[in-house]
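Visitor: Give me a 3D structure for the following:
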Amino acid sequence: MTESNQIISVKAYRFEPANQVKPYFQNFEVKCSEPISIMALLAKIHEIDPSFACRTSTCFKGKCGSCLIRVNGQDVLGCTTLVNPGESIVVEPYSKFKVIRDVVVDFREPLSAAKE
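Guide: A predicted model of the protein is given here:
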């Protein structure tokens, strides 16, 4: 496997509503030699940049829904969605709930007009 095939390129949504006017994207390169779940990938980004807010504690069985996230424009379960080395992805907060910070949403507060 070549060096570029051992990197997952991530364009991650960043936003802290209390301190920022609008969101932005930050690029990360995560070394990885085998497919990993989106949740494991987010944990690796958090290791690179501890200021990146994400959920990492989930059931890892696709049942509880606390890992819902938007990947490449699709709402998915992060614990069961895999990404392969060599891929580039965009991660954003799950589209139907209010953003707390970065990709963490408040599951108690649905958006009144959910973005599609």
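Visitor: what are the bridge partners for the residue nearest the centre of the chain, then?
Guide: Centrality entry for the chain: nearest residue to the mean C-alpha point is V91, 4.3 Å, by C-alpha atoms, centre = their mean. Note on V91: beta-bridge partners A12, V71, judged by DSSP bridges.
Visitor: Make 11 the first number, not 1, from now on.
Guide: Yep, numbering from 11; the last one is V101 now.
Visitor: got the contact list for the closest residue to Y23 other than its chain neighbours?
Guide: Counting by C-beta to C-beta, 6 or more residues apart in numbering, E102 is the residue found nearest to Y23 once chain neighbours are left out, at 4.2 Å. All C-beta atoms are positioned from the backbone trio N, CA, C, and that covers glycine. E102 sits next to Y23, I79, R80, V81, V113 when contact means C-beta atoms under 8 Å, 6 or more residues apart in numbering.
Visitor: Weed out the non-buried ones from the residues you listed.
Guide: Buried by 16 or more other C-beta atoms under 10 Å: Y23, I79, R80, V81, V113, out of those.
Visitor: Show the residue spans covered by the strands in the chain.
Guide: 17-24, 34-41, 46-47, 78-81, 84-87, 92-93, 98-103, 107-111, 114-120 (DSSP state E).
Visitor: Indicate which one of the ones you listed is closest to R65.
Guide: Proximity to R65 (C-beta to C-beta) singles out strand 114-120 among the strands of the chain, at 6.1 Å.
Visitor: which of the residues in the closest one are buried?
Guide: For strand 114-120, burial by neighbour count (16+ other C-beta under 10 Å) applies to V114, V115.
Visitor: That strand pairs with which strands?
Guide: Going by DSSP bridges, the partners of strand 114-120 are strand 107-111 (antiparallel).
Visitor: now what about the partner strand, what contacts it?
Guide: Counting by C-beta under 8 Å, 6+ apart, F25, E26, P27, P33, A63, P103, V115, D116, F117, E119, P120, L121 sit against strand 107-111.
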